[in-house]
Structure formats: structure tokens, C-alpha cells
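Engineer: give me coordinates for this.
(one chain, ligands or ions: 2)
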Amino acid sequence: MGLSQAAVVQARPSGRWRAALLDLDGTLLDSVPDLAHAANAMRVEFGLPPLRDDVIATFVGRGIENLVRRALAGSLDPQEPAVADAADRSAAPATGAQAAAGRFDRALAAFRRAYHLVNGEKARIFEGVPEGLRAMRELGLKLAVVTNKPEAFTLPLLERTGLRAYFDAVVSGDTCARKKPDPMPVLRACELLGVAPAEAVMVGDSMHDAAAGRAAGCPVLLVPYAYNEGRDVRMIEADGIVATLQDVARWIAAPAKN
Ligand SMILES: O=C(O)COP(=O)(O)O
Ligand SMILES: [Mg+2]
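Structural biologist: Numbers count the residues shown, from 1 in each chain. Ligands and ions are numbered 1, 2, ... in the order given. From the prediction side, this is the model:
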């Protein structure tokens, strides 16, 4: 039994790896056109001019609350909102902090309303994604999505883009008490797939994916084509940069060195 099992394991190209955990926005899909549309719909409601899509792209990756906070301030690193809207100015008894919180809640609600209407409409699957996912499945891997996007947006987006069927599990931004860069959602995905973190490869486009994967004990591969808050992914400590998901499958299938 011991011997034959060892032989089987050695014969499998991906003997060590049993699962791949994939980030969503910026790794599987370019969701920026829809996110930017919703963020700008929110800004227009607040009397603010729209921002360019490439600016909004740098705001993506730490959940929609951060996206809305950044989009409202027009900055990657917002301080207190600089411009109060008419409703805030008339709310005389409210403290500055209360007014800011109320303004943020209204902005989040406006963003959610707009995003529900367009989620998946212009989202575009990155090159090599279906082929890479198929190749990983053919290697016998289990697949999970691990995203900071809330479940109410994640599941319809996966359905609309035809990606849902590839995945055995989906962990969204509100599935666990904490989001990436915390390891909690990565560990939950491993638990749902029935694999140990050391048997799962985390694939993402940002420092938050890398930090979450590392902290959970997974090797980390990064794609260079997406957001990462506008920074170069080569600056992030990872086990490899992969041009496409097809290269993820090749990395996983490569003997010994991994
Ligand atoms: O920040 C988000 O809303 C989603 O980002 P992610 O899919 O890259 O985790
Ligand atoms: Mg991402």
C-alpha cells in the first residue's frame, strides 16, 4: 500500500498541489468598467465630477467599503472627506465624525444600488483564464475563488461571466469576519476544499492576495496585468509571477522545483 501509493504520487505531475485559490477582480476578470460606472454614479449623486477608469482601478482590491471611501475622496489614501455635501452642511447638530459617517453610508448605498444594475455587464475575462482553469482541473486540482468582493456581487458576477462552474468553493469578502490581507478567507477556502494550506497555491494580483496567502502558509503566484493599487507586482514578495492562468497550470505541473 505504502509503496504503490508513493508510486502514484510520484507519477502525478502535480503531486504536491491539490488546490488553487484564485482572486477575482484583477486576476480572473477586469471588473473595472462596471466598478467605475458604479463609483462614478455615486460621485454624480454627491455632485462630484467622474473619475477616470484607470484611477478607479487603483482603488480596487480591499473591498467595496474601501473602494467607496477612496472614490468619494478621489484619493487612494483618503483622510476625512474634504467636501461636505448639502445634506451634511445642513445637519447642524451632527459632529464632524457623525456627518462623515452618514455621508459614507449614503455613498456606499448609492454605489451598491448602481453596481447591482451593471455588475458583469462590461466585465471582461482576462486572456487565458478559461484555458488555465480547465488545465488546472485536468491536473486534478480543486479550485476556489477567494475575493474581497461581497457575496451579493460575487455570485451573480461568476454566473454572468460563465465562470461559476469551474469552482468547488467561493469565499467572498463577507464570508468571514476578516478580508484579505488577513489569512482567514484563504484558510476558509482550504477548509471548504478539504486541503491543507501547504497543498494550495494562492493566485492573485495584489499585495493583499500575497499577504493573505503567505500568512495562511500557501505559496503565492501573482499575475502582472492588473490593479495592485497602481503599483508594480514585481515589488511584492511572491513565489512567482505568471503571465496568465495557463502559466499557473504549467507552474503547478512542473516537477520537483515547486
Ligand atoms: O476589492 C474588491 O472588492 C474585490 O477585490 P478582489 O477580487 O481582488 O479581492
Ligand atoms: Mg484582485
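Engineer: phi first, then psi, for the residue nearest to residue 204 when sequence neighbours are not counted.
Structural biologist: In this structure, residue 204 finds its nearest non-sequential neighbour in residue 23, 3.7 Å apart by Cβ to Cβ, 6 or more residues apart in numbering. Heads up, the C-betas are built off the backbone N, CA and C, glycines and all. Main-chain torsions, residue 23, degrees, to the nearest 10: phi -70, psi 160.
Engineer: also residue 179?
Structural biologist: phi -100, psi 170.
Engineer: what sits closest to the one residue in the chain that gets nearest to ligand 2 if chain neighbours are left out?
Structural biologist: Nearest residue of the chain to ligand 2 (Cβ to the ion) works out as residue 26 at 3.6 Å. Among residues not flanking residue 26 along the chain, residue 226 sits closest, at 3.2 Å (Cβ to Cβ, 6+ apart).
Engineer: give the contact list for that neighbour.
Structural biologist: 25, 26, 27, 30, 126, 205, 206 (Cβ atoms under 8 Å, 6 or more residues apart in numbering).
Engineer: next one: residue 61
Structural biologist: By Cβ under 8 Å, 6+ apart, the neighbours of residue 61 are 25, 26, 148, 205, 206, 208, 227, 228, 229.
Engineer: follow-up on the earlier one: among the contacts of residue 226, which lie within helices?
Structural biologist: Taking DSSP state H, every one of the contacts of residue 226 sits outside helices.
Engineer: which of these are close to ligand 1?
Structural biologist: Filtering those for proximity to ligand 1 by Cβ under 6 Å from any ligand atom leaves 25, 26.
Engineer: and the contacts of residue 226, which is closest to ligand 1?
Structural biologist: In terms of Cβ to the nearest ligand atom, no member of those lies closer to ligand 1 than residue 25, at 3.5 Å.
Engineer: that older thread, so how far is ligand 1 from the residue nearest to residue 26?
Structural biologist: 8 Å (Cβ to the nearest ligand atom, to the nearest Å).
Engineer: quick one: secondary structure of that residue?
Structural biologist: Applying DSSP: H, G, I helix; E, B strand; the rest coil to residue 226 yields a three-state assignment of coil.
Engineer: that older thread, in TSV, list the contacts of residue 226 along with neighbour count.
Structural biologist: TSV is the format used below for these (neighbours: other Cβ atoms under 10 Å):
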residue	neighbour count
25	27
26	24
27	26
30	20
126	18
205	25
206	27
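Engineer: from the contacts of residue 226, which land in strands?
Structural biologist: residue 30 (DSSP state E).
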